[in-house]
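Participant: fold the following and give me the result.
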Amino acid sequence: MPVSQEQFRLALSRFASGVTVVTVASGEELHGMTASAFASVSLDPPRVLVCLDKGSRTRALLADQSTFAISILSADQEDVSRKFADTGPKPFGELIHKRGENGAPLLDGAIAWIECSVSEIIDGGDHDIVLGEVTACTPSDGAPLLYFDRTYRSLSNES
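Facilitator: Residues are numbered from 1 along each chain as shown. This next block holds a predicted model:
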C-alpha cells in the first residue's frame, strides 16, 4: 500500500530541523526561498546539500548562475522565514543584506552564512537535490530558528 502525501508530511513533521534561506543573484535580480531540507555532506571537500522545488524561481535562477548562498536563520527571524516561504515577491528591499563573495545575498541577523558553487544537481522527484561546494562561510553568534511539528521553535534549556 503506497504512503499518502499527508501521512508522509505528518511523519516528517516529527523531525526537528534548522531553518535556512537559500539565495541567488542574477545581475540585479535577487531571489530566495526558505528551506529546511539542508545538510552538510562532506568536510573534504566542504560540501552541503539543499533541496529546491523544481518549479521555484530560486531553482530556475540557480541553474543559470551556478552559485548560491545559505543564511542559517536565528531564533528571532521567524518573520524572515515566513516572508521567504511565501510564493510572492521576495522582500530584499526591506531586509538588510549584503552581497557575498559570489554575489548572492547574505541576510543580516543570520547565525551563519555559507556561500557555494553548484557541484551537482540530482533529480529528487518534485525537488532537485543541489550539491554545493562551499567557497566561503562565516559563523556568527546566536541561537537557531527551529521548525518542528509544523511550528517554529527555539532552543530551551528546560527538559
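
Participant: please report how far A37 lies from S26.
Facilitator: A37 sits 23 Å away from S26, going by Cβ to Cβ, to the nearest Å. (Each C-beta comes from the backbone N, C-alpha and C, glycine too.)

Participant: for T67, same thing?
Facilitator: To S26, T67 is 10 Å away according to Cβ to Cβ.

Participant: between those two, tell me which one has more neighbours.
Facilitator: Each of T67 and S26 has its neighbours counted (other Cβ atoms under 10 Å); T67 has more, 19 against 15.

Participant: which residues touch the nearest residue to the more buried one once chain neighbours are set aside?
Facilitator: Nearest residue to T67, sequence neighbours excluded (Cβ to Cβ, 6 or more residues apart in numbering): N102, at 4.1 Å. Contact analysis of N102 by Cβ atoms under 8 Å, 6 or more residues apart in numbering lists 67-69, 115-117, 135-136.

Participant: name the element N102 belongs to?
Facilitator: Per DSSP states H and E: N102 is located in neither a helix nor a strand.

Participant: phi and psi next, for it.
Facilitator: Backbone torsions for N102, taken as degrees, to the nearest 10, come to phi -90, psi 0.

Participant: need the pLDDT of it.
Facilitator: Listed pLDDT for N102 reads 94.

Participant: how about the one 5 residues further on?
Facilitator: What the model reports for L107 is a pLDDT of 96.

Participant: correct me if wrong: it contacts R99.
Facilitator: No: between L107 and R99 there is no contact under Cβ atoms under 8 Å: 11.5 Å.

Participant: those two: which is more packed in?
Facilitator: Set L107 next to R99 and count neighbours by other Cβ under 10 Å: L107 wins out with 24 against 13.

Participant: which ones are touching the more buried one?
Facilitator: Counting by Cβ under 8 Å, 6+ apart, L107 makes contact with 21, 23, 32, 71, 73, 77, 80, 95-97, 113.
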